[in-house]
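> compute the structure for the input listed below.
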Amino acid sequence: MTEQLPSEAELRALSNKLLASFPLERWHGRASRAIKDTGDGKIAVACSGGADSTFALLMIHAAFAQCRESIHVLHFNHRLRPDSDDDENFVAQLAERLDLQCSTYRSAGSLSKKDEGTLRNERLNSFIEFCQRSKTDLMIQGHNQDDVAETIIWRLSRGSSPQGLCAPRPVHKHGEVHIVRPFITINREDIRSSLAEVKMPWREDCTNQSSAYLRNRIRMNGLRLLKDDVDRDLLGGMSRSRDLLEEQEDAVDEWAKRAQIDCIKDGGIDAIELSKVPVAIRRRIIYDWLSGESIAAAITSNQMEEILECIDSGGKLNLSISPNAKIGRRKGLLVLENDKPKASGWPLCAFPQNQPLYLPDKNFIRFTTLKTTPDLISRILSGQVDASREAFFATQGSPPLVFFARTRHPGDAYRPIGAPGKKKVKNWMIDRKLDSANRDSIPLIMNSAGEIIWIPGLPPAESHRVQGSEKMVIHLTYGHSATLL
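Next up is the predicted model:
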């Protein structure tokens, strides 16, 4: 459909009609709550001009009228089709008639690969960079219930883990940005028929009909036949399964965080302690440990199975996972051995709440949770905090059970509060004139996802900024061990 766009008044009216047909109760609950929780915060909406993202933009515009001044439309023109510019113009005109800001990104044309994953990453990286630069915490995507089913079928064929089968999640944290998909409870047919009913046009991407892409083949062949053959609501059932898988994944994640306290020792994993927990928890602890060492992406599924077999058998392990790194079992510990020259420092260590971690240089780190008071919030927001000795963080959900600390690795990067984007830790230390003799012994504090959240002498990570409305905050302290006596 490529009809002329409705007028401003018509768009407002048809948006309200769509919202009446699909009220918030039909959106995914976690996603709608995430949008509500932003309050007056900024919201980005990714829009290709297709039916799903056009529907998403109109629904957000209608449901959150109080936030319209903070809504920003994002479009990416990959310039792969002759009519790609028409898509761009459609989205720009739609945003203008909705009185919303709009930013368009264009492909540099330098990509060596044009597969679905590469194009998605190019698009997503541009949108995430916009959100980070503009301090937009939340981005809406228009995924629907059919996308859930297609993803499950696609990933099952690859032997994906339960974690992979949870995608697309209703709320997913990508670095410092929350990607929100409220409409994964609504199927593609309902979205298109409702748009047609209110005479709202959208853009069609002819490449969605190409059999060159696996996802298209699943949609046009496998999923269509399943819908015909199954004697019940296939999409609803697969959506329900995705929700249940996510619940179980969250439980595994929580269990693994608790188990890490006993398993992570001296920069490695205590194989005996690890053997005491179920295999799913072992797998997660190993993956999180490697994430903290910035090497999880290098491990294959077969290599993970070899590590797990070593835990079960108690046998030897000498597994190369990259040209410069291998995992071995040494005196009961799984350790990561790197052939590259190592800087002086110390390995990854876990420390739970209220228990200080004593460091080799006779300093300590400790974290607690504090109830906020007006005076405390005022001190934090006004910057009356000695960044070399303490830091305060917003809690994201329940307070964490454990944090991790290690010294810096080559390539480590993070974004402190107020910075326009990420930069290498080495460069931050140089910029802040931290003593060069001590840089290799300064601890990097990380969460269980391996994200650097604080470096003493620097502000906390932007992703954990205290906003002022928190009832509880995390308090991290760093100092000389003598101060604990």
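> export stretch 136-151 to CSV, keeping only CA atoms.
Only the C-alpha atoms of stretch 136-151 are listed here, as CSV (Å, rounded to 0.1, in the frame of the first residue of the first chain):
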residue,chain,number,x,y,z
THR,A,136,17.3,8.4,25.5
ASP,A,137,16.8,5.4,27.7
LEU,A,138,14.1,3.6,25.9
MET,A,139,13.6,2.5,22.2
ILE,A,140,10.4,1.0,20.8
GLN,A,141,10.5,-1.7,18.2
GLY,A,142,7.4,-3.1,16.3
HIS,A,143,8.0,-6.8,16.6
ASN,A,144,4.8,-8.9,16.6
GLN,A,145,3.6,-12.3,17.6
ASP,A,146,4.5,-13.8,14.3
ASP,A,147,8.1,-12.6,14.9
VAL,A,148,8.2,-14.6,18.1
ALA,A,149,7.2,-17.8,16.3
GLU,A,150,9.6,-17.3,13.5
THR,A,151,12.5,-16.7,15.9
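> flag every buried residue along it.
136-151 (16 or more other C-beta atoms under 10 Å). (Each C-beta comes from the backbone N, C-alpha and C, glycine too.)
> take those and keep only those in strands.
With strands taken from DSSP state E, the overlap with these comprises 138-140.
> Gly479: what's its closest spatial neighbour, skipping adjacent residues?
For Gly479, ignoring the flanking residues on the chain, the nearest one in space by C-beta to C-beta, 6 or more residues apart in numbering is Arg389 at 5.8 Å.
> hmm, which of the buried residues of stretch 136-151 is lowest in pLDDT?
Among the buried residues of stretch 136-151, Asp137 carries the lowest pLDDT, at 88.
> not counting its neighbours along the chain, what's nearest that residue?
Closest to Asp137 by C-beta to C-beta, 6+ apart is Gly41, at 5.6 Å.
> same check on Trp154?
In space, Trp154 comes closest to Ile218 once its chain neighbours are excluded; the distance is 5.7 Å by C-beta to C-beta, 6+ apart.
> what's the answer for Ile286, then?
Of all residues not flanking Ile286 in the chain, Ile307 sits nearest, at 6.0 Å (C-beta to C-beta, 6+ apart).
> what of Thr185?
Thr185's closest residue in space is His28 (C-beta to C-beta, 6+ apart), at 5.0 Å.
> the one you found against Pro182, yeah?
Yes: under the criterion of C-beta atoms under 8 Å, His28 makes contact with Pro182 at 5.5 Å.
> need the residues touching each of those two.
Residues touching both His28 and Pro182 comprise Pro170, with contact defined as C-beta atoms under 8 Å, 6 or more residues apart in numbering.
> for these two, indicate the residue with more neighbours.
For His28 and Pro182, the more surrounded residue by other C-beta atoms under 10 Å is Pro182, and the numbers stand at 28 against 23.
> residue contacts, that one?
27-28, 31-32, 35, 56, 59, 140, 170.
> farthest pair within those residues?
Taking C-beta to C-beta as the measure, the contacts of Pro182 span a maximum distance of 14.5 Å, between Met59 and Pro170.
> among the contacts of Pro182, which lie within helices?
31-32, 35, 56, 59 (DSSP state H).
> need these in TSV (columns: neighbour count, pLDDT and distance to Ala437).
TSV is the format used below for the ones in helices among the contacts of Pro182 (neighbours: other C-beta atoms under 10 Å; pLDDT from 0 to 100; distance: C-beta to C-beta, whole Å):
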residue	neighbour count	pLDDT	distance to Ala437
Ala31	24	96	49
Ser32	20	95	52
Ile35	22	94	48
Ala56	25	98	53
Met59	25	98	57
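> quick one: the nearest residue to Met200 once chain neighbours are set aside from Ile35, how far?
Distance criterion C-beta to C-beta, 6+ apart; nearest residue to Met200, sequence neighbours excluded, is Leu14 at 5.5 Å. Using C-beta to C-beta, to the nearest Å, Leu14 is found at 21 Å from Ile35.
> and what of Leu381?
25 Å.
> quick revisit: am I right that the residue nearest to Asp137 falls within a helix?
No: Gly41: not assigned to a helix; according to DSSP: H, G, I helix; E, B strand; the rest coil it is coil.
> ok, it touching Cys131?
No: applying C-beta under 8 Å, one finds Gly41 not in contact with Cys131, separated by 11.1 Å.
> give me the more crowded residue out of these two.
Per other C-beta under 10 Å, whichever of Gly41 and Cys131 has more neighbours is Cys131, with 24 against 14.
> can you report phi and psi for that one?
phi -60, psi -40 (degrees, to the nearest 10).
> and the protein, what are its domains?
Per the record, the chain has its domains at 8-231, 261-338, 349-484, by automatic domain parsing.
> need those in a markdown table (columns: distance to Trp255).
A markdown table is the format used below for the domains of the chain (distance: least, C-beta to C-beta, whole Å):
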| stretch | distance to Trp255 |
| --- | --- |
| domain 8-231 | 13 |
| domain 261-338 | 5 |
| domain 349-484 | 10 |
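> list the buried residues for the longest helix along the chain?
When the chain is parsed with DSSP H, its longest helix is helix 234-263. Residues 234-235, 238-239, 242-243, 245-246, 249, 252, 255-257, 259-261, 263 are the ones in helix 234-263 that count as buried (16+ other C-beta under 10 Å).
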